[in-house]
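# Make a model of this:
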Amino acid sequence: MSRSITSQVDVEVAENGYMTPREDYFFRSASSPVLSNRIRDQDRKRPPPTNPLYSAPPNAESLARMISNARKDKITKIGIRDRICCHQWTWFTMTMATGGIANVLHSIWNSYRGDWIWYIGLIFFLFNICLFIMNCVLITMRFIMVPGSFMHSFLDQMESLFIPAVVVSCGTILINTCEYGIPKTGPWLQHAMEWMYWIYVAVSVVASAGMYLILWSTQIFPIHTMTPVWVFPGYPLLLTAPFAANLIQADRVGPGDPEVHRLAIAMCAIAVQGTGFLISFMICAAFIYRLMTQKLPRDMQRPGVFISIGPSGFTVAGLVSLGQQSATILPPDFQGEPHAVPILQVLSTIAGLWLWGLSLWFFLVSVGSLWKYTRRDHSIMPFQMTWWSFVFPNTALVTATLQLGAALGSSGLRVFGCVMAAALVVVWVLVFATMVRCLWNRTLLWPRELER
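Numbering: from 1, shown residues only. So this is what the prediction gives:
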């Protein structure tokens with residue numbers, strides 16, 4: 001009987017990488033791994049496990065097979081068309097990270113007013129727009145050249161989680177536009193960004209709820225595969241408060257120009273940001289359960305651990321910034337309280353410190369999960385576009401640190417934020433260089449299944 005149990009465990013470990021505890025686990029005695037008599041009898045009558053939970057989904061046709069069917073000629077040589085057809089939604093994590101770097105550099109410029117920092121941030125902003133346009137063109141070409149691949153992307157367990165990255169990329173571009181564009185233009189761009197804010201709020205809410213509904217209706221995600229990537233459909237909601245804070249902060253029009261609707265923007269941002277944070281917080285709680293029962297994720301899933309940093313980081317950056325601007329947001333005697341402004345400033349700072357500690361804790365856990373890769377006897381982590389998770393969620397922690405430093409007047413937090421920002425730029429350069437090298441070496445955007 002023990003041999004039968006061992007073989008079943010070996011099969012599941014071989015298929016899934018980890019062993020998920022079943023009901024019989026909880027009927028074992030504390031001193032013996034032998035199953036109870038009741039479960040043993042049930043196991044004898046039970047047919048051999050077919051493992052239906054982890055069987056291939058009904059949409060299991062691979063992207064490589066779809067590319068092969070879409071090829072006009074059955075030549076064996078792989079061309080640029082085949083490589084473009086491998087483009088996926090995960091590439092938009094690159095634009096998320098690049099826009100995040102531009103946001104970090106602008107936050108540093110707010111503290112120190114160095115022109116060279118502003119121009120470097122502007123270069124990242126403009127470069128990010130080019131990358132975003134490139135990604136939109138390439139993924140559109142894929143959908144046109146490979147019929148059915150658009151619907152396939154929504155039904156693929158891995159790729160479907162990254163579809164909201166397009167919305168998040170748009171959000172970072174809009175935030176950068178408020179930071180670098182509005183101060184250098186007239187009120188026309190400011191009011192255009194106000195309209196874009198309301199459009200972004202509507203799109204982010206619909207995209208988040210809709211994507212989760214699609215996932216819950218079409219996919220089965222076993223707990224042993226769980227990573228904070230499951231938070232990704234809720235990420236568009238997490239940029240609402242930073243977007244609102246930057247839009248209000250950039251509201252520097254002349255005396256005769258009307259102001260943006262600051263109070264409505266701020267209140268809506270708090271509501272949507274709170275929704276996104278609570279959704280992410282509940283999913284991160286499931287991630288803690290997964291860590292306690294299944295250990296750390298596998299090598300290819302390990303970069304996704306850093307995504308857990310983002311929800312609290314973006315919430316801190318948005319709430320603290322809105323709280324510090326409450327004097328320009330709230331009307332006099334708001335709700336009959338003349339001291340509403342200082343109360344909100346204190347509350348936003350305290351709440352920011354609370355969530356900042358959570359974000360910093362997840363950062364330490366995420367960095368610690370990479371410790372084994374520093375050993376010489378361990379294999380190198382394979383590159384995937386999810387490596388950009390090393391950058392984008394950490395930009396939230398850096399901007400949150402800088403916002404708290406400004407709110408508390410703490411030079412220590414400002415210096416700490418600047419050091420983290422410098423390290424983050426280095427990480428961005430390393431990830432980008434690795435990506436280019438993998439493209440050149442044909443390990444990225446390369447359909448190996450078509451090679452014969």
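# Next, count neighbours for Leu408.
Neighbour count of Leu408, defined by other C-beta atoms under 10 Å: 15. (Each C-beta comes from the backbone N, C-alpha and C, glycine too.)
# Who are the contact partners of it?
Thr349 (C-beta atoms under 8 Å, 6 or more residues apart in numbering).
# and it, what pLDDT?
Looking at Leu408, its pLDDT stands at 93.
# Same check on the one 3 residues further on?
Reported pLDDT at Ser411 in the predicted model: 91.
# Now it: phi and psi?
Main-chain torsions, Ser411, degrees, to the nearest 10: phi -70, psi -30.
# who's in contact with it?
Going by C-beta under 8 Å, 6+ apart, Ser411 touches Gly405.
# Likewise for Gln273?
If you count contacts by C-beta under 8 Å, 6+ apart, then Gln273 has Leu237, Leu238, Thr240, Ala241, Phe314, Thr315, Gly318, Leu319 around it.
# Apply 6 Å and report the result again.
Thr240, Ala241, Thr315, Gly318 (C-beta atoms under 6 Å, 6 or more residues apart in numbering).
# Excluding chain neighbours, what is closest to it?
Excluding its sequence neighbours, the residue lying closest to Gln273 (C-beta to C-beta, 6 or more residues apart in numbering) is Ala241, at 3.9 Å.
# buried ones in whichever strand or helix holds Ser366?
With secondary structure defined by DSSP states H and E, Ser366 is part of helix 340-368. Within helix 340-368, the residues that count as buried by 16 or more other C-beta atoms under 10 Å are 340-341, 344-345, 348-349, 352, 355-356, 358-360, 362-363, 365-366.
# now the very next helix or strand once past it and helix 340-368, what's the angle there?
Counting by DSSP H and E, the next helix or strand C-terminal to helix 340-368 is helix 392-408. Taking axes from the mean of the first three to the mean of the last three C-alpha atoms, to 10 degrees, one finds helix 392-408 and helix 340-368 inclined to each other by 140 degrees.
# Tell me the gap between the next helix or strand along the chain from helix 392-408 and the middle of its chain.
Next helix or strand after helix 392-408 toward the C-terminus (DSSP H and E): helix 411-440. Distance of helix 411-440 from its chain centroid, counting by C-alpha atoms, centre = their mean, to the nearest Å, is 17 Å.
# and helix 411-440 with helix 340-368, angle?
Comparing the axes of helix 411-440 and helix 340-368 via the same axes, to 10 degrees yields an angle of 50 degrees.
# residues of helix 411-440 that come out buried?
Result for helix 411-440 [16+ other C-beta under 10 Å]: buried residues 413-414, 416-418, 420-421, 424-425, 427-428, 431-432, 435, 438.
# Which secondary structure elements does the helix holding Ser366 sit against?
helix 310-324, helix 326-329, helix 392-408 (3 or more C-beta pairs under 6 Å, 6 or more residues apart in numbering; DSSP states H and E).
# and Met196, how many residues sit next to it?
Around Met196 there are 20 residues (other C-beta under 10 Å).
# So which residues make contact with stretch 424-435?
Ile101, Phe383, Trp387, Phe390, Val391, Asn394.
# Now do the spatially closest residue to Met94 that is not a sequence neighbour against Ser169, distance only.
For Met94, ignoring the flanking residues on the chain, the nearest one in space by C-beta to C-beta, 6+ apart is Trp388 at 5.4 Å. Distance, Trp388 to Ser169, by C-beta to C-beta, to the nearest Å: 11 Å.
# Next, give me the two most distant ones among the contacts of Gln273.
Thr240 and Thr315 (9.9 Å; C-beta to C-beta).
# Tell me how far the closest residue to Gly323 other than its chain neighbours lies from Leu355.
With C-beta to C-beta, 6+ apart as the criterion, Gly323 has its nearest non-adjacent residue at 2.4 Å, and that residue is Ser348. Ser348 sits 11 Å away from Leu355 when distances are taken as C-beta to C-beta.
# And for Ser169?
24 Å.
# do Val436 as well
From Val436 over to Leu355 the distance is 36 Å, taken as C-beta to C-beta.
# what's the helix or strand for His191?
Using DSSP H and E, His191 maps to helix 187-218.
# Who are the packing partners of that helix?
Partner elements for helix 187-218 (3+ C-beta pairs under 6 Å, 6+ apart): helix 165-176.
# Against which helices or strands is the helix it packs on packed?
Secondary-structure packing of helix 165-176 (3+ C-beta pairs under 6 Å, 6+ apart): helix 92-112, helix 187-218, helix 240-249.
# Please state the mean pLDDT value computed over the longest one.
In other words, helix 187-218. So the average pLDDT for helix 187-218 ends up being 92.
# Ok, the last one next?
Helix 240-249 comes out with an average pLDDT of 93.
# Identify each buried residue in the next helix or strand after that helix, please.
Once the chain leaves helix 240-249, the next helix or strand it forms, by DSSP H and E, is helix 262-294. Residues 262, 265-266, 268-270, 272-273, 275-277, 279-281, 283-284, 287, 290-291, 294 are the ones in helix 262-294 that count as buried (16+ other C-beta under 10 Å).
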